[in-house]
Each structure stands twice: as structure tokens, then as C-alpha cells.
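Engineer: Following is a predicted model, sequence given first.
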Amino acid sequence: MFWKRAILHVDMDAFFVNIHLLDHPEDRGLPIAVGGNPNGRGVVASASYEARQFGVRSAMPSSQALRLCPTIKFVGHNWPRIGECSRQVMDLLAAYGPLEKMSVDEAYVDISEAADPEGVAFKIRAQIKRETGLPASVGLTPNKLVSKVASDFDKPEGCTIIRPGEERLFLAPLSVRAIHGIGPRTAEQLALLNIYKCGELADIDLSQLRLKFGKNAELLQERARGIDHRPVNDDPGQAKSISQEWTFNDDIEDENYLFDMMEKMAGQVSESLKKRNLVAHTVVVKYRWVDFSTFTRQRTVEVGIDSAAEILATAQAVFQANWNGEKLRLIGVGVSNLERPLGRQLTLFNS
DNA sequence: TCTGGGGTCCTAGGACCC
DNA sequence: TCTGGGGTCCTAGGACCC
């Protein structure tokens, strides 16, 4: 089989849970969830396959998970270990070709140069298990879009290969929600046209699709047909925004307490900016009221800033101009409009 | 029954300028 | 007195993803 383009998508299985099990083998076989406090406002980040049998899913409120599965064991995130394992997996993958990291537990690798891409797919999955002890699923197809679907097709520890020319047939029976970028809202819109499966979206008359989706119609249909020309991009580029937010266990209206929180968050945002050698021109404050309605208010400043004091002062000014004293369930501080500071280069030019 | 945290990208309207 | 078109920047919100 000749592969003009061979794109591998690697997706770690229940990553956070399986890292926990590496260090706590005694928990193997139990229903486990990594995530927030079930007595507070936490959600499930990752659930073991035993917990999933009870209907527990990621992004589900922890309290609901506890109700579905009263024997479930909640454990916290071990961020240092997660970072370590992620790095180990990514380093291993980078040896095979250009690597695009999508998150701690997911990446694309362009293995078009390999003599036998299908062999490489199996080899990589085995190598990850051997060297890290962690299970992964992989999808190999001619493009990113279909590989992403393929890696999810046979979890856990799957290896799904869709050969050139088979993309459209593979997608046809699957829900449109399987396509990366089609979420609940878009699926709802498609349902109004009686479209539920990729095959139906692939076959519908384009002019009908245009009525609802305008210039996006063409792209939407191409996706459903398994067409995707996006290259694997191994340059992550510079961050576009940095933020910190916090949901309170009990709704807060104490201004001093809110200011203390903002001070902590401004400090962390500042640290992150400095570590990346960036300055920000815009400060964003985020609020969420008790009824879950959410607002953001931002202010742009002429001179780029990175200090905790400047970020805090701007955030507090924005906050005070917009807060009516009502109870909040969340507050957040962030920055955007980021750039490299220019000071040094200018000095060099002048000398 | 309640709904985290950290991001990216897109759209739309208003201000402002030429 | 009536009233163009285009471009850029900023703000705010929303969809979506892991």
C-alpha cells in the first residue's frame, strides 16, 4: 500500500488515571476518578474504565459521579508526574517525524517518510507501553481529521488504520459529533436538516447546506467526506493568552476576599508571562454569577506590562467599574495581546 | 443534579481615521 | 444638508477542544 501522506494520531487512554495506577498499583481494578472534590464544585477529569461502567464520564460533576458510583475513589491530579510522563511520550514520538502536540496526552506525527507507516503505527503503540507502562490508542490515516477519529474508534489500546481512499466510507456511519469541531450547537443545526451521520452530511446538496452555514458549508461537507489538507505543524508558536480562574466552593460577595484572590492570580499570570519573556497589552477579568451567567471585561494599555502589581491594578480597576456587589461563583484574571518586549533590541540598535 | 480550568478561533458592532 | 466606502483596533460573547 502506497501512502502519499501518513498522519498518525496518538491519544493516551485515561491518561491521568493510568498515571495514578503506575504509582498506586493497589488501586488497579477499582473505579477511580481523577478530578475535583465530590463534596464541592469539582468535575471529573479522567475516569477509569471500571468507573465508566457506572456511566461516569470526564467533565461530569464529581458529585454526580459519586451518586452514579458510590464506591468510586477520587484522587487528585499529580501534575509533576503528568508532566514527566507527557514529556516521555512526546520525546519518543518526535523521533518518528514532525510532531504537533495538541495537549498533554495527544499528538499528531507526520510519518509520511516512513517506508512502512502501518508497521510504524503498531510499533509506536507498543513502544509507548513498553517504555512508559501507559496504554495508548493510535489512528493512522492520510490526514489529521480522519486520524483523530480513528484513534478514538477502538479505545483502549486500539490501532485503527484507514488506507488512502477509504476515508469517506469509514466516516459515513459515524455521528457528525465524531468530527473535531462539530459540537452540540452545530449538531443541533444539522439535525434541523435531518443530518445525523457523517454520510448524510457528505451526501447532502451543498446549496441546502449553504442556507444554514453560509461560507462554512463547503468546509463542513469536506470534513464529513474525510478531506483535510492541514499540515502537521511542529511549531507551537507563542502563547496568545494566559489566564487563571477560580470557582469558589461557596459563593462570595466579600470584596477583600475577592481582591486577595485576584492578587494571587495576578501573581501567577505575571510569573507565567516573565517565564516566557512576554508582556501583555490587555488585562481581562472574568466573572461568573450564581446563576452561571458569565461575563468578561477587559482593558487595553499602551505600554506592555508583566508585573504582578500592574496586572493587579488594572484588573482591580476593571473589576470595580463593573461589579455591582452581587455574589460571585467564579473570578478570573487573564492577559492577552501578548508580545516580546522590545527594550534589549532597541539598545543594541542604538549602540 | 450542577455545571473545572486553560486555551484557540470566529463573529459582530462601535469608534475612529482617511 | 445629506451622508460614500474601506480599514484597523478594541470589546464582548460564543462555539469548541482537552
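Structural biologist: Sure, I can see it.
Engineer: The residue in the stretch 51-200 of chain A positioned nearest to DNA strand C: how many residues sit nearby?
Structural biologist: Across the stretch 51-200 of chain A, the shortest distance to DNA strand C (C-beta to the nearest atom of the strand) belongs to A:Gly183, at 2.2 Å. Just so you know, the C-beta spots here come from the backbone N, C-alpha and C atoms, and that holds for glycine as well. For A:Gly183, the count of nearby residues is 10 (other C-beta atoms under 10 Å).
Engineer: Roughly how far does it sit from A:Asp254?
Structural biologist: Applying C-beta to C-beta, to the nearest Å, the value for A:Gly183 to A:Asp254 is 36 Å.
Engineer: what does A:Val335 give?
Structural biologist: 25 Å.
Engineer: Of these two, which one has the most company?
Structural biologist: Using other C-beta under 10 Å, the more surrounded residue of A:Val335 and A:Asp254 is A:Val335, with 29 against 10.
Engineer: Quickly list what the more buried one is bridged to.
Structural biologist: Under DSSP bridges, the beta-bridge partners of A:Val335 are A:Ile242, A:Val283.
Engineer: Pretty sure A:Thr314 is one of the things it touches, is it not?
Structural biologist: No: with contact defined as C-beta atoms under 8 Å, A:Val335 does not reach A:Thr314; the gap is 9.1 Å.
Engineer: residues shared between the contacts of those two?
Structural biologist: Residues touching both A:Val335 and A:Thr314 (C-beta atoms under 8 Å, 6 or more residues apart in numbering) are A:Val283.
Engineer: element containing A:Gly325?
Structural biologist: Using DSSP states H and E, A:Gly325 sits in no helix or strand.
Engineer: and the gap between it and A:Ile252?
Structural biologist: 11 Å.
Engineer: for A:Tyr196, same thing?
Structural biologist: 43 Å.
Engineer: got it, and A:Val284?
Structural biologist: Using C-beta to C-beta, A:Val284 is found at 19 Å from A:Ile252.
Engineer: out of the two, which sits in the more crowded spot?
Structural biologist: A count of neighbours by other C-beta under 10 Å puts A:Val284 above the other of A:Val284 and A:Ile252, at 23 against 16.
Engineer: what's near enough to touch that one?
Structural biologist: Contacts of A:Val284 (C-beta under 8 Å, 6+ apart): A:Ser241, A:Ser243, A:Thr296, A:Arg297, A:Gln298, A:Gly332, A:Val333, A:Gly334, A:Val335, A:Ser336.
Engineer: A:Ser137 is in contact with A:Gly158, correct?
Structural biologist: Yes: contact criterion C-beta under 8 Å: A:Gly158 and A:Ser137 qualify, at 4.3 Å.
Engineer: Perfect, I'm done here.
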